[in-house]
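Engineer: Okay, here's the prediction I keep looking at, along with the sequence it came from:
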Amino acid sequence: MKRMLTIVLAISMIALVAMPAFAEVQNIKVSGGITIRGFLRDNYGTLGSNGGISFTDQNAAIVGTQEFGAGSRDWYNTTTTLGVAADLTDNVSATMVLGNERDWADNSGTSTQGINLYSGYITMQEMLYSALTVKAGRMPMVIADGLIIGDGTTGETLLGSDYSAQTEFDAIAGILDYDPLTVIMGTAKVRDTAQTSNGDVDLYMLDAIYKFEDDKNTVLDAYFATAHYSSADAFTGLLSNSATSMDVNILAACLTMTPVEALSAKLGLAYQFGDYTSSRDLAAMAYDLGLNYAIDNEYAPVVGLKYVYRSGDDKATGTNADYTGWQALFENQLNGAIYDPNTNISAIALTATVVPADRLTVGIEYWMYTLAESLNAVANQYSTSDDAGQELDLNATYAYTEDVSIGLSLAWFFPGDLYVAGNDETAMQALLELGVKF
């Protein structure tokens, strides 16, 4: 009896201590999702020199030989997420998202991601004064259309790592709301190596978003960002390898509007500058143009035009001139399901979507890629042609319920004259996706 009374008293004391903490929680929201994907890829995925992609059926040692033949690979993976958002007192909230991404039956364990922290951040509204909101922790962060800042990952071991759901940044951001102007200031630690090393990558940004008070839904997003690479070891994904450190500075703006009824437009401009190497400055440009027109019809067709430009380096300028090749930093755009260029490209896309039946959406994209600057010829890989190729993407999405969707996409990339014989096989991807979100 005495032992039982001691246990009851102990439980009561714990409850009394815990009650004030629980009382501070005003609201809790639980969310999550499961996405299952089946992939089939053929004749692409290996890297050639200059960061290009090889399209060949002779890479069995690299991509494996399976039932679809040399150079092909088929597999499944699953992405599972579970999130909790808690509203606390004094305008404070906490958000946490846990997730797991894994390729099915990966006996090697190379793609086993375990349970990872996708997001974990604190939001403090009206901090110090009413206009200021501060966020700190691991969080999603997309500036404008994701040209510069959108994906904070530095690499995954999944076979389909380009479809990874982990895109968050470890960051601190202050948001000033002066409606119709919003100003965001922040810093992110993209990479932090051991204390004895010097391979850190730091990101700093200042973003101003202005919503015009007109009937054209005009929004101007102008921003400045700096990515500091502390050593050559930190140049993950960049072309430079001779500087002891590098700073990539970006001035950019994205304008979106509806100039006339049913027509939406986007114009994005960006300029990169900084120290590329000890003897070369960086001076690169990027443009994005998008037009979409919604036709008044029962099938809700939308036709569009895209133009994407990323400057390349002129091989004739020499080693002391400005380096003009665009440096893809933390972008989160998709300009083709397979090719998806992010430097040295001038691309045009024709797009269309239609709703042929209830809850079914079908889309098509046709891309034409041309190099902004031709490359030096590389034996068995590249010619001096600027014809990079063409891509056809087809996709369909069916909303089975409000929470469950089924998707199918097919894509083909047809290498152009840039790719020499033996390295110019047509690449293909088929992707079937089943997802639920709550």
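Structural biologist: Noted; the coordinates are in hand.
Engineer: what residue ranges in the stretch 201-350 of the chain score low on pLDDT?
Structural biologist: Within the stretch 201-350 of the chain, the set of residues satisfying pLDDT under 70 comprises 231-244, 316-319.
Engineer: Now with 80, please.
Structural biologist: 230-246, 276-279, 315-320 (pLDDT under 80).
Engineer: Quick one: the strands in it, in order.
Structural biologist: Remark: strands assigned in the stretch 201-350 of the chain by DSSP state E, counting those that start in this stretch are 201-211, 219-229, 246-260, 263-275, 281-294, 302-310, 345-357.
Engineer: same for the second one, what does it pack against?
Structural biologist: Applying 3 or more Cβ pairs under 8 Å, 6 or more residues apart in numbering; DSSP states H and E, one finds that strand 219-229 contacts strand 201-211, strand 246-260. Every residue, glycine included, has its C-beta placed from N, CA and C.
Engineer: which residue is nearest the middle of the chain?
Structural biologist: In the chain, the residue lying closest to the centroid (Cα atoms, centre = their mean) is residue 332, at 2.6 Å.
Engineer: for that one, what are its contacts?
Structural biologist: Counting by Cβ atoms under 8 Å, 6 or more residues apart in numbering, residue 332 touches 142, 146, 149-151, 167.
Engineer: switch the cut-off to 7 Å
Structural biologist: 142, 146, 150-151, 167 (Cβ atoms under 7 Å, 6 or more residues apart in numbering).
Engineer: Now distance to residue 176 and mean neighbour count too, for the helices and strands packed on strand 219-229, in JSON lines please.
Structural biologist: Output for these, formatted as JSON lines (distance: least, Cβ to Cβ, whole Å; neighbours: other Cβ atoms under 10 Å):
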{"stretch": "strand 201-211", "distance to residue 176": "10", "mean neighbour count": "18"}
{"stretch": "strand 246-260", "distance to residue 176": "19", "mean neighbour count": "17"}
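Engineer: Using JSON lines, lay out the ones you listed together with distance to residue 309.
Structural biologist: Output for the helices and strands packed on strand 219-229, formatted as JSON lines (distance: least, Cβ to Cβ, whole Å):
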{"stretch": "strand 201-211", "distance to residue 309": "22"}
{"stretch": "strand 246-260", "distance to residue 309": "13"}
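Engineer: Any idea how many residues pack against residue 85?
Structural biologist: Residue 85 has 16 neighbours, counted by other Cβ atoms under 10 Å.
Engineer: oh sorry, the question was meant for residue 26
Structural biologist: 11.
Engineer: And for it, nearest residue in space, chain neighbours not counted?
Structural biologist: residue 87 (4.5 Å; Cβ to Cβ, 6 or more residues apart in numbering).
Engineer: Just the pLDDT for the one you found.
Structural biologist: Note for residue 87: predicted pLDDT of 93.
Engineer: Kindly report the same for residue 44.
Structural biologist: Predicted confidence (pLDDT) for residue 44: 66.
Engineer: just the helices in this protein please.
Structural biologist: 2-23, 60-63 (DSSP state H).
Engineer: Comparing those helices by mean pLDDT, which bottoms out?
Structural biologist: Of all the helices of the chain, helix 60-63 carries the lowest average pLDDT, namely a mean of 32.
Engineer: coming back round to it: for the residue nearest to the centre of the chain, give me phi and psi.
Structural biologist: phi -140, psi 60 (degrees, to the nearest 10).
Engineer: do the same with residue 334
Structural biologist: The phi/psi pair for residue 334 (degrees, to the nearest 10) is phi -130, psi 110.
Engineer: Flag every buried residue along stretch 382-396.
Structural biologist: For stretch 382-396, a neighbour-count test (16 or more other Cβ atoms under 10 Å) marks 382-383, 385-393, 395 as buried.
Engineer: mind exporting it as CSV, just the C-alpha atoms?
Structural biologist: Only the C-alpha atoms of stretch 382-396 are listed here, as CSV (Å, rounded to 0.1, in the frame of the first residue of the first chain):
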residue,chain,number,x,y,z
TYR,A,382,31.5,16.4,-77.4
SER,A,383,31.9,18.3,-80.7
THR,A,384,32.0,22.1,-81.1
SER,A,385,28.4,22.2,-82.1
ASP,A,386,26.0,24.3,-80.0
ASP,A,387,23.0,22.0,-80.7
ALA,A,388,22.5,20.4,-77.3
GLY,A,389,19.3,18.6,-78.2
GLN,A,390,15.5,18.5,-77.6
GLU,A,391,13.3,17.0,-75.0
LEU,A,392,9.6,15.9,-74.9
ASP,A,393,7.9,15.6,-71.5
LEU,A,394,4.4,14.1,-71.0
ASN,A,395,2.6,14.0,-67.7
ALA,A,396,-0.8,13.1,-66.2
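Engineer: next one: that stretch to chain centre, how far?
Structural biologist: Distance of stretch 382-396 from its chain centroid, counting by Cα atoms, centre = their mean, to the nearest Å, is 21 Å.
Engineer: again with stretch 206-219
Structural biologist: Worked out by Cα atoms, centre = their mean, stretch 206-219 lies 24 Å from the chain centre.
Engineer: Quick check, residue 390 in contact with residue 370.
Structural biologist: No - Residue 390 is beyond contact range of residue 370, at 10.1 Å (criterion: Cβ atoms under 7 Å).
Engineer: what pairs with residue 269 across the strands?
Structural biologist: residue 253, residue 287 (DSSP bridges).
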